[in-house]
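1. Got a sequence here, can you build the structure:
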Amino acid sequence: MLSRRKFGKSILSQLVGISLVSAIGNRAFAQQQSVRIGYQKYGTLALLKDQKILEKSLEPKGISVQWALFPAGPPLLQALIAGALDFGSAGDLPPIFAQTSSPGSMVYVGHETPAGASEAIIVPQSSAITTVKDLQGKTIAVTRGSDAHWLLLAALKNNGLSLNDVKVSYLLPAAARPAFEGGKVDAWAIWDPYLSGVSSPVRVLATGDDVQGGTEFYLAGKAFYQNNTELLHAITHAIAQCDIWMEAHKAEVAAILARSTGLELEVVERSIAKIHYGYHPITNPVLASQQYIADTFAAAGLLPSAPNVREAAPEI
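-> Modelled structure (predicted):
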């Protein structure tokens, strides 16, 4: 198992180690002919792409949209801070690691309505573990650097424990699910749609609501933000429109996401039932929450130092 300090260095090296600029190409932001957006299969940006709301608004201005699919927030932000993307989204924790590794490379633009119930620490229903405190000495699966990693760290802290009091098994969801369902780990810290897709009955020990987690952030490259204010506003306006449509058409949203992810429709329906879609600008309480996450990870030795989150949140 990696030490906490080595883990922090490992994550930071991953964030700066992948340069995708040559793959997508540089261009002068002042002469922006297209916007490069990173998205994941699950979330508002996936629906924004599907509904072509942004394309319809930018077409009269002669601006096209290039979409790049990513499996998770951390690699998406690797591309953003490398200059290979203009805009994208990620959860609570990945932007903090990105800002730490590459100060001044990105800015917070806005966020979705928090959906803390969409991530949880779970154990089998038959487990003798009934509280977070019962996790002491137990093995917990989690994806490192993910929002669920913050959920695990904060939930333990709130109950007088630390990562040193448990055995952490750092696994991606595809490997964590069989480990959990096969009894090779005692608990799993995970997010939707994987949370809603667990096939066996489970007991929830804590959710993102308990630790002020579960916020999806929209982020832009610093140079793009500085040189394309009007275009950035067009993007956020399209997102807000898409969220309004999604909140009013959840049955259609579930069908679209089921097709894009390959998940069963019932799983997606359970997942999005927990979500209230809505775009919001960045506020002081949101920045304070992000700063608390950064400070907590630094105090746990998982970051060399805590970034000043406010520096990545200029007024738009």
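2. what kind of secondary structure is Ala251 in?
-> helix (DSSP: H, G, I helix; E, B strand; the rest coil).
3. which residues sit in contact with Ala46?
-> 39-40, 256-257, 260 (CB atoms under 8 Å, 6 or more residues apart in numbering). No exception for glycine: its C-beta is placed from N, CA and C like everyone else's.
4. distance between the helix or strand containing it and the chain's centre?
-> Element membership of Ala46 [criterion: DSSP states H and E] is helix 44-51. With CA atoms, centre = their mean, to the nearest Å as the basis, helix 44-51 stands 16 Å off its chain's centre.
5. repeat for stretch 65-80
-> Worked out by CA atoms, centre = their mean, stretch 65-80 lies 11 Å from the chain centre.
6. For it, buried residues please.
-> For stretch 65-80, the neighbour count (16 or more other CB atoms under 10 Å) marks 65, 68, 70, 72-80 as buried.
7. shouldn't Leu69 be in contact with Tyr39?
-> Yes: here Leu69 lies in contact with Tyr39, judged by CB atoms under 8 Å, at a distance of 6.4 Å.
8. in the stretch 51-200 of the chain, which spans are strands?
-> Under the criterion DSSP state E, counting those that start in this stretch, strands of the stretch 51-200 of the chain are mapped to 64-69, 87-90, 106-112, 119-124, 139-142, 167-170, 187-191.
9. Those strands: which one's closest to Thr100?
-> strand 106-112 (11.5 Å; CB to CB).
10. ok, the residue of the chain positioned farthest from its centre to Gly104 distance?
-> What lies farthest from the middle of the chain is Pro60; by CA atoms, centre = their mean that is 32.1 Å. Noted for Pro60: a distance of 33 Å to Gly104, by CB to CB, to the nearest Å.
11. do Gly262 as well
-> Distance from Gly262 to Gly104, by CB to CB: 38 Å.
12. ok, these two, which is more surrounded?
-> Neighbours per residue, other CB atoms under 10 Å: of Gly262 and Gly104, the larger number sits with Gly104, 10 against 7.
13. The more buried one: what's its closest spatial neighbour, skipping adjacent residues?
-> Among residues not flanking Gly104 along the chain, Lys222 sits closest, at 5.9 Å (CB to CB, 6 or more residues apart in numbering).
14. now do Phe297
-> Here the residue nearest Phe297, using CB to CB, 6+ apart, is Leu303, at 4.8 Å.
15. which of the residues in the helix holding Ala46 are buried?
-> So for helix 44-51, counting by 16+ other CB under 10 Å, buried means 44-49, 51.
16. Okay, the residue farthest from the centre of the chain and Asn228: tell me how far apart.
-> Distance from Pro60 to Asn228, by CB to CB: 17 Å.
17. And Thr296, by the same measure?
-> Relative to Asn228, and taking CB to CB, Thr296 is found at 34 Å.
18. After the lowest-mean-pLDDT helix or strand in the chain, which helix or strand is next? Please name it.
-> Within the chain, no helix or strand scores below helix 21-24, which has a mean of 37 by mean pLDDT, DSSP states H and E. The C-terminal neighbour of helix 21-24 among helices and strands, as given by DSSP H and E, is strand 34-39.
19. could you give the angle of that following strand to strand 64-69?
-> 20 degrees (axes from the mean of the first three to the mean of the last three CA atoms, to 10 degrees).
20. quick one: stretch 228-248 to chain centroid distance?
-> That offset, for stretch 228-248, works out to 19 Å (CA atoms, centre = their mean).
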